[in-house]
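Peer 1: I'd like to go over a predicted model; first the sequence, then the structure.
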Amino acid sequence: MEYTVRIRTKNFSAMPLRRSLLSPHRTIVRFGSLTSTANVFPRAVELGRRIIEINTAEAIKISRDKLLMKQCFDDAEIAHSKWKPANDFNLGDLEYPILAKNRLSYQGRGMVKIDNQEQYEAFKRSHNLDAYILERYYNYAREYRLHCTQEECFLTWRKLRRHDAEERWFFNSHNCNWVGENHRLFNKPRNWEEIIKASINAIKAVGLDIGAVDCRVAADGKFIILEVNSAPALGAQGLQCYQNQIKQLIHAQN
């Protein structure tokens, strides 16, 4: 007997994966969703049936919350930006400019670039600091997205900021075009294998089975892991790659 894999997602672009995957066991795959296993398979949980989970609710919780994610990066010694909770008023060794990031935001929403003490004081007066973290801003020229499991990197993109982009201090889907590894402008860093290893370790650090990692790279190859995304946008190529990877993850747990 085979079961339809249940996809629970916060990103509509992953919807085509629904009803496209079968598993020999009841299986739930989460993309940004905190839906409990008992909510999806109530009877099976009650009877103690075997259920395969790809991306546990706990891993999703960690990867969605930038504070929890950064704590995991610290514990795993991931190369990432210096940071601190925004409700800790002592900036310590953070130097301007710094970024204030909403703990639960995505696609750069709620992110504020702070260039000096005056702007920092204004930010503190106008925001709920419990909802933010602060990071040092690294003006590295290139940004990449690496889609990984805990075993491999299987799809990569470079984000190229569009010429008409008004906000030029960050990269996201609204102000960038994305090019694949075979594109002439991909400009793969010399230390690409090191970046892949760090990205896989970031996936492991937050406990995801599969997800995307954003990485910013300087001209000299120095890099930082920015964050892990448990519900990345997926185009046609991404859908096919994720379908194949999910099949492998199910097979590994079979």
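Peer 2: Looks like it came in fine. Numbering: from 1, shown residues only.
Peer 1: Just the element for L185, please.
Peer 2: In the assignment (DSSP states H and E), L185 maps to no helix and no strand.
Peer 1: contacting residues for the closest residue to it other than its chain neighbours?
Peer 2: Among residues not flanking L185 along the chain, V179 sits closest, at 5.5 Å (Cβ to Cβ, 6 or more residues apart in numbering). C-beta here means a position set from N, CA and C on the backbone, and glycine is covered the same way. Counting by Cβ atoms under 8 Å, 6 or more residues apart in numbering, V179 touches W157, R158, L160, L185, F186.
Peer 1: go with 10 Å
Peer 2: T156, W157, R158, K159, L160, L185, F186, N187 (Cβ atoms under 10 Å, 6 or more residues apart in numbering).
Peer 1: same thing with I7?
Peer 2: Taking Cβ under 10 Å, 6+ apart as the criterion, I7 is in contact with 14-21, 27-31, 33, 54, 242, 246.
Peer 1: How about the secondary structure of it?
Peer 2: Going by DSSP: H, G, I helix; E, B strand; the rest coil, the secondary structure assigned to I7 is strand.
Peer 1: List the beta-bridge partners for it.
Peer 2: V29 (DSSP bridges).
Peer 1: quick one: contacts of the top helix by length along the chain?
Peer 2: Looking across the chain with DSSP state H, the single longest helix is helix 236-253. For helix 236-253, the external contacting residues (Cβ under 10 Å, 6+ apart) are 5, 7, 13-17, 20-25, 27, 29, 31, 50, 52-55, 145, 147-152, 154-155, 157, 180, 209-210, 212, 232, 234-235.
Peer 1: Where do the strands of the stretch 1-150 of the chain begin and end?
Peer 2: 3-4, 6-9, 22-23, 26-31, 51-54, 83-85, 98-102, 112-114, 132-136, 142-149 (DSSP state E, counting those that start in this stretch).
Peer 1: Next, the angle from the following helix or strand past the longest one to helix 236-253.
Peer 2: Following strand 142-149 in sequence order, the next helix or strand is strand 153-161 (DSSP H and E). An angle of 150 degrees separates the directions of strand 153-161 and helix 236-253 when computed by axes from the mean of the first three to the mean of the last three Cα atoms, to 10 degrees.
Peer 1: need the next SSE after strand 153-161, C-terminal direction.
Peer 2: Downstream of strand 153-161 (by DSSP H and E), the next one is strand 176-180.
Peer 1: quick one: average pLDDT of that following strand?
Peer 2: The average of the pLDDT scores along strand 176-180 is 86.
Peer 1: I figured I114 was touching L99, is that so?
Peer 2: Yes. I114 is in contact with L99 according to Cβ atoms under 10 Å; the separation is 7.2 Å.
Peer 1: Find residues that contact each of the two.
Peer 2: Counting by Cβ under 10 Å, 6+ apart, the contacts common to I114 and L99 are L134, Y137.
Peer 1: and D93, how many residues sit next to it?
Peer 2: By the criterion of other Cβ atoms under 10 Å, D93 has 7 neighbours.
Peer 1: And for D88?
Peer 2: Neighbour number of D88 under other Cβ under 10 Å is 11.
Peer 1: Kindly report the same for the one 3 residues further on.
Peer 2: Taking other Cβ under 10 Å as the neighbour definition, L91 ends up with a count of 14.
Peer 1: Next, give phi and psi for I224.
Peer 2: Dihedral pair for I224: phi -130, psi 140, per degrees, to the nearest 10.
Peer 1: Distance-wise, check the residue nearest to L185 relative to Q237.
Peer 2: Distance, V179 to Q237, by Cβ to Cβ, to the nearest Å: 12 Å.
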